[in-house]
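fold the stuff below for me.
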Amino acid sequence: MLRVVIDTNIFISAVLKPQSNPGLILNLVRGSRLVLILSPDILSEIERVLLYPGLRKMHGLEPKEITGYIENLKAFSKVVTPGRR
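Numbering: from 1, shown residues only. You can find the predicted model right below:
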């Protein structure tokens with residue numbers, strides 16, 4: 001199965017526009033058509049960016065919902081700790 005690493009901007013775009021291409025990519029991951037590879041650093045960055053006040057106005061998610069989104073990402077992804085940056 002194809003394994004992918006996705007940039008934080010793709011996750012943000014998917015949250016803002018679920019029907020966009022980034023949203024469709026995440027649907028492929030959720031449907032087990034792709035294996036999403038994430039690191040703790042990527043997960044932290046996604047959460048930090050989603051908490052930016054300007055973005056919060058755009059997506060309307062509360063901090064608790066953002067935490068839930070991150071936990072959901074972990075559930076359908078393979079989280080790895082890279083040996084080097």
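
starting at the chain centroid, how far to the helix ranked longest in the chain?
The longest helix of the chain (DSSP state H) is helix 63-75. With C-alpha atoms, centre = their mean, to the nearest Å as the basis, helix 63-75 stands 9 Å off its chain's centre.

contacting residues around that helix?
Contact partners of helix 63-75, identified using C-beta atoms under 8 Å, 6 or more residues apart in numbering, comprise 11, 15, 36, 38, 43, 46-47, 50-51, 61. C-beta here means a position set from N, CA and C on the backbone, and glycine is covered the same way.

again, 6 Å this time
Here helix 63-75 makes contact (C-beta atoms under 6 Å, 6 or more residues apart in numbering) with 43, 47, 50.

return it as CSV; C-alpha atoms alone will do.
Output of helix 63-75 as CSV, limited to C-alpha atoms (Å, rounded to 0.1, in the frame of the first residue of the first chain):
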residue,chain,number,x,y,z
PRO,A,63,-9.6,23.8,21.2
LYS,A,64,-11.2,20.6,22.5
GLU,A,65,-12.4,19.8,18.9
ILE,A,66,-8.9,20.5,17.6
THR,A,67,-7.5,18.0,20.1
GLY,A,68,-10.1,15.5,19.0
TYR,A,69,-9.0,16.1,15.4
ILE,A,70,-5.4,15.4,16.3
GLU,A,71,-6.4,12.2,18.2
ASN,A,72,-8.4,11.1,15.1
LEU,A,73,-5.3,11.6,12.9
LYS,A,74,-3.3,9.5,15.2
ALA,A,75,-6.0,6.7,15.1
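
measure how far the following helix or strand past that helix is from the centre of its chain, please.
Heading C-terminal from helix 63-75, the first helix or strand you meet, by DSSP states H and E, is strand 77-79. From the chain centre to the centre of strand 77-79 is a distance of 11 Å (C-alpha atoms, centre = their mean).
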